[in-house]
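K.L.:
Quick one, what's the 3D model for this:
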Amino acid sequence: MTDEIRTDELKENIKAQDTWLRLLFIIIYGAILWLSAIVLAFVVVFQFLSVLFTRETQKNLLEFGGALAEYVRQIVAYLTFNSEYKPFPFGDWPEKAGEAAAAKTTAKKKKTAARKKTTPDGAAS
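P.N.:
As a prediction, this is how the structure comes out:
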């Protein structure tokens with residue numbers, strides 16, 4: 001009798017429309033994640049070249065990179081069933097992560113500047 005109950009439960013699970021819809025979203029977000037990796041590579045290269053030639057990060061790339069990182073995190077959370085929230089294009093594009101990344105970079109620049117003001121023997125210059 002338990003086999004019969006499990007068979008009925010299995011049939012119901014297989015016929016569940018929300019599960020198949022989730023599979024469709026998994027395929028879509030899998031493709032978007034792959035494209036995001038390519039975009040991320042361009043952001044990394046351009047930001048590196050900017051630092052290499054100007055010794056400064058590009059603010060727009062910094063903000064976009066932070067938002068892209070948050071977006072990738074949202075996609076991974078959805079794909080691994082850790083979240084039911086559907087990221088962009090079915091949800092909102094994340095913006096807060098870019099601001100947080102910019103704040104961290106500003107703090108890091110201040111620390112670096114403070115270290116440069118001291119001489120090797122520890123005295124301030």
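K.L.:
Flag the shaky bits of the protein, pLDDT-wise.
P.N.:
Within the chain, the stretches with pLDDT under 70 are 1-5, 96-125.
K.L.:
now the strands for it?
P.N.:
With strands called from DSSP state E, the chain shows none.
K.L.:
Can you mark which positions in the helix ranked longest in the chain are buried?
P.N.:
In the chain, assigned by DSSP state H, the helix with the most residues is helix 17-54. Residues of helix 17-54 classed as buried: 22, 29, 32, 33, 36, 40, 43, 47 (neighbour count, 16 or more other Cβ atoms under 10 Å). Any C-beta I mention is one placed from the backbone N, CA and C, and that applies to glycine too.
K.L.:
name the helices or strands packed onto it?
P.N.:
When contacts are defined as 3 or more Cβ pairs under 8 Å, 6 or more residues apart in numbering; DSSP states H and E, helix 17-54 packs onto helix 59-79.
K.L.:
what's the angle from the helix it packs on to helix 17-54?
P.N.:
If you take axes from the mean of the first three to the mean of the last three Cα atoms, to 10 degrees, helix 59-79 sits at 160 degrees to helix 17-54.
K.L.:
Dump the C-alpha coordinates for stretch 67-86 into PDB.
P.N.:
In PDB, the C-alpha atoms belonging to stretch 67-86 read as follows (Å, rounded to 0.1, in the frame of the first residue of the first chain):
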ATOM      1  CA  ALA A  67      25.500  45.500  -9.200                       C
ATOM      2  CA  LEU A  68      26.500  42.600 -11.500                       C
ATOM      3  CA  ALA A  69      28.000  40.700  -8.600                       C
ATOM      4  CA  GLU A  70      24.800  41.100  -6.600                       C
ATOM      5  CA  TYR A  71      22.800  40.000  -9.700                       C
ATOM      6  CA  VAL A  72      24.900  36.900 -10.100                       C
ATOM      7  CA  ARG A  73      24.400  36.100  -6.400                       C
ATOM      8  CA  GLN A  74      20.600  36.500  -6.900                       C
ATOM      9  CA  ILE A  75      20.700  34.100  -9.900                       C
ATOM     10  CA  VAL A  76      22.700  31.500  -8.100                       C
ATOM     11  CA  ALA A  77      20.400  31.700  -5.100                       C
ATOM     12  CA  TYR A  78      17.400  31.100  -7.400                       C
ATOM     13  CA  LEU A  79      19.100  28.300  -9.300                       C
ATOM     14  CA  THR A  80      20.000  26.500  -6.200                       C
ATOM     15  CA  PHE A  81      16.500  26.800  -4.700                       C
ATOM     16  CA  ASN A  82      17.800  29.100  -1.900                       C
ATOM     17  CA  SER A  83      15.400  31.900  -3.100                       C
ATOM     18  CA  GLU A  84      12.100  32.100  -4.800                       C
ATOM     19  CA  TYR A  85      12.800  35.700  -6.000                       C
ATOM     20  CA  LYS A  86      13.200  35.900  -9.700                       C
END
